[in-house]
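Asks: with the input below, show me the fold.
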Amino acid sequence: MRKILMMMSIVLFLSLLALADRLHAPDIQTVRTKIGGEIFNLQVADNELAWRRGLSGQTICDSCGMLFDFGQEQPNVEMWMKDMLIGLDILWLDASGQIVATAENVSPPDCFDLELCSPDRRSTERWAQFVIELPAGSIQGMQLQR
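Replies: Model (predicted):
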């Protein structure tokens, strides 16, 4: 009887681990796009869970980033640097894909305890449907059309 309970406990534990892994690392869509003559591989965040998670806690390659798709244009789209490990360049785009605003070299927070500090927040007064986050310095020197 003791062996059966032990076996059931192990199976339950492994099942919970597999479930937790799927919840925290769902299949991530990526797209390749050209920005200012450079090719970037962007993870797609197109739902509330992905929007909240963003690039928090990740390091990314120089030609990687994230594309946030909010489904429709909205005013004052705010991005924050919660749990970020790297600085970012942020681009806001309207529904047609035109860049309406940028923020360069946005630094990660100095601390990770939100009760002691709040992460940097950036927004635009322009309407936007998409936001692209790239490693800090990516858009420096690019001739971006606005």
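
Asks: confidence-wise, which helix or strand of this structure is lowest on average?
Replies: Least confident helix or strand, the chain: helix 2-24 with a mean of 48, by mean pLDDT, DSSP states H and E.

Asks: which element follows it toward the C-terminus?
Replies: Counting by DSSP states H and E, the next helix or strand C-terminal to helix 2-24 is strand 30-35.

Asks: gap between that next one and the chain center?
Replies: The chain centre lies 15 Å from the centre of strand 30-35; the measure is C-alpha atoms, centre = their mean, to the nearest Å.

Asks: what lines up beside that strand in the sheet?
Replies: The strands beside strand 30-35 in its sheet (DSSP bridges) come out as strand 38-45 (antiparallel).

Asks: and the next element down the chain from the strand it pairs with?
Replies: Reading on from strand 38-45 to the C-terminus, the next helix or strand found by DSSP H and E is helix 48-53.

Asks: list the buried residues in that following helix.
Replies: 50, 53 (16 or more other C-beta atoms under 10 Å). All C-beta spots, glycine's among them, are computed from the backbone N, C-alpha and C.

Asks: and it, what does it pack onto?
Replies: Judged by 3 or more C-beta pairs under 8 Å, 6 or more residues apart in numbering; DSSP states H and E, helix 48-53 is in contact with strand 38-45, strand 64-74.

Asks: okay, the ones you listed in JSON lines with mean pLDDT next?
Replies: Below are the helices and strands packed on helix 48-53 laid out as JSON lines (pLDDT from 0 to 100):
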{"stretch": "strand 38-45", "mean pLDDT": "95"}
{"stretch": "strand 64-74", "mean pLDDT": "94"}
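
Asks: among those, which comes closest to Asn105?
Replies: Closest approach to Asn105 among those (C-beta to C-beta): strand 64-74, 14.3 Å.

Asks: in the sheet, who's paired with the closest residue to Leu67 other than its chain neighbours?
Replies: Distances taken as C-beta to C-beta, 6 or more residues apart in numbering put Leu42 closest to Leu67, at 4.2 Å, once the chain neighbours are dropped. With DSSP bridges applied, the residues forming beta bridges to Leu42 are Val31, Gly65.

Asks: my read: Leu42 touches Phe130, true?
Replies: No - between Leu42 and Phe130 there is no contact under C-beta atoms under 8 Å: 10.1 Å.
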